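Asker: sequence unavailable; structure follows:
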């Protein structure tokens, strides 16, 4: 549990130090991808049709869709990114679960290429799909542990980017065309910055819950691995 908390804090600090450098650019773009997939997933779940998913070099993105429930689709970008960041953190505590999370991520990256991606999206998805698939292969056939660390890093970065993005786009300013503005159009009494504060609180809750559930899971795994105390052997 200590190594998990140490890595979580270490990854977070490294990201903060490198936040405005080109080194972290690919991870920021993959966080944008998760944001857009949040919109797309909510669209599919509410009966809509996704026509295009795009990610841009300026860390923007767009999901084009028809139908579906807008009340579910609009919040699913920022909150979906925060949720999936937390899910990755939870799944990073175990070798098998981390491998499953990485595998699902690879599938999502490849499936998204079906929906009229732009060139940046194609390079991004193929690149991360190859890297993540290679990590899974190395984990199971070369040496371990590796996939747990990678999935944890994905979770920390995607989750922290989602929280920062909410703060930067929705609270400190009102960006035209943002999800908060779209939400305020659906609910006129709720101003965009108010929507941003609500998104931020939920996103922070997801991150805290992700760390808590990961620790609980690891503690339960450790307890189950301990041999039973006492000698229960019967002699006849």
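Answerer: Great, that's in hand. Worth saying up front: this structure is predicted, and the values here are computed from it rather than measured.
Asker: show me what counts as buried in the longest helix seen in the chain.
Answerer: Assignment by DSSP state H gives helix 192-225 as the longest helix of the chain. By neighbour count on 16 or more other Cβ atoms under 10 Å, the buried set for helix 192-225 is 192, 194-200, 203, 206-207, 210-211, 213-215, 217-218. Quick note: C-beta positions are derived from backbone N, CA and C, even for glycine.
Asker: what do you get for stretch 138-152?
Answerer: Buried, per 16+ other Cβ under 10 Å, within stretch 138-152: 139, 146-152.
Asker: picking that back up, check which helices and strands the longest helix of the chain sits against.
Answerer: Judged by 3 or more Cβ pairs under 8 Å, 6 or more residues apart in numbering; DSSP states H and E, the packing partners of helix 192-225 are helix 2-17, helix 78-91, helix 147-166, helix 179-186.
Asker: packing partners for the shortest one?
Answerer: Put plainly, it is helix 179-186. Using 3+ Cβ pairs under 8 Å, 6+ apart: helix 179-186 touches helix 70-73, helix 192-225.
Asker: let's see that with 7 Å instead.
Answerer: Counting contacts by 3 or more Cβ pairs under 7 Å, 6 or more residues apart in numbering; DSSP states H and E, helix 179-186 is packed against helix 192-225.
Asker: try the longest one
Answerer: Counting contacts by 3+ Cβ pairs under 7 Å, 6+ apart, helix 147-166 packs against helix 2-17, helix 25-45, helix 78-91, helix 95-112, helix 119-141, helix 192-225.
Asker: with the second one instead?
Answerer: Packing contacts for helix 78-91, counted by 3+ Cβ pairs under 7 Å, 6+ apart, involve helix 25-45, helix 95-112, helix 147-166, helix 192-225.
Asker: and the least confident helix or strand in the chain by mean pLDDT, which residues are buried?
Answerer: Every helix and strand of the chain was ranked by mean pLDDT, DSSP states H and E. The lowest is helix 179-186, at a mean of 75. For helix 179-186, the neighbour count (16+ other Cβ under 10 Å) marks 179-184 as buried.
Asker: got the angle between that helix and helix 192-225?
Answerer: Orientation check (axes from the mean of the first three to the mean of the last three Cα atoms, to 10 degrees): helix 179-186 against helix 192-225 gives 120 degrees.
Asker: between helix 179-186 and helix 147-166, how many degrees?
Answerer: Using the same axes, to 10 degrees: helix 179-186 against helix 147-166 is 60 degrees.
Asker: so what's the residue count around the nearest residue to residue 67 once chain neighbours are set aside?
Answerer: Sequence neighbours aside, residue 48 is the residue nearest to residue 67 in space, at 3.9 Å (criterion: Cβ to Cβ, 6 or more residues apart in numbering). Number of residues near residue 48 (other Cβ atoms under 10 Å) recorded here: 19.
Asker: what do you get for the one 5 residues further on?
Answerer: Residues contacting residue 53 under the criterion other Cβ under 10 Å number 25.
Asker: what sits against the residue nearest to it when sequence neighbours are not counted?
Answerer: Using Cβ to Cβ, 6+ apart and skipping residues adjacent in sequence, the residue nearest residue 53 is residue 115, 4.6 Å away. Contacts for residue 115 (Cβ atoms under 7 Å, 6 or more residues apart in numbering) come out as 50-53.
Asker: ok, and the most crowded of the residues you listed?
Answerer: residue 53 (25 neighbours).
Asker: next, that one: phi, psi?
Answerer: Per-residue torsions, residue 53: phi -130, psi 120 (degrees, to the nearest 10).
Asker: how about CSV for the buried residues of stretch 138-152, with distance to residue 36 and pLDDT added?
Answerer: Converted to CSV, those look like this (distance: Cβ to Cβ, whole Å; pLDDT from 0 to 100):
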residue, distance to residue 36, pLDDT
139, 28, 95
146, 28, 94
147, 24, 96
148, 26, 95
149, 26, 95
150, 22, 96
151, 20, 97
152, 23, 96
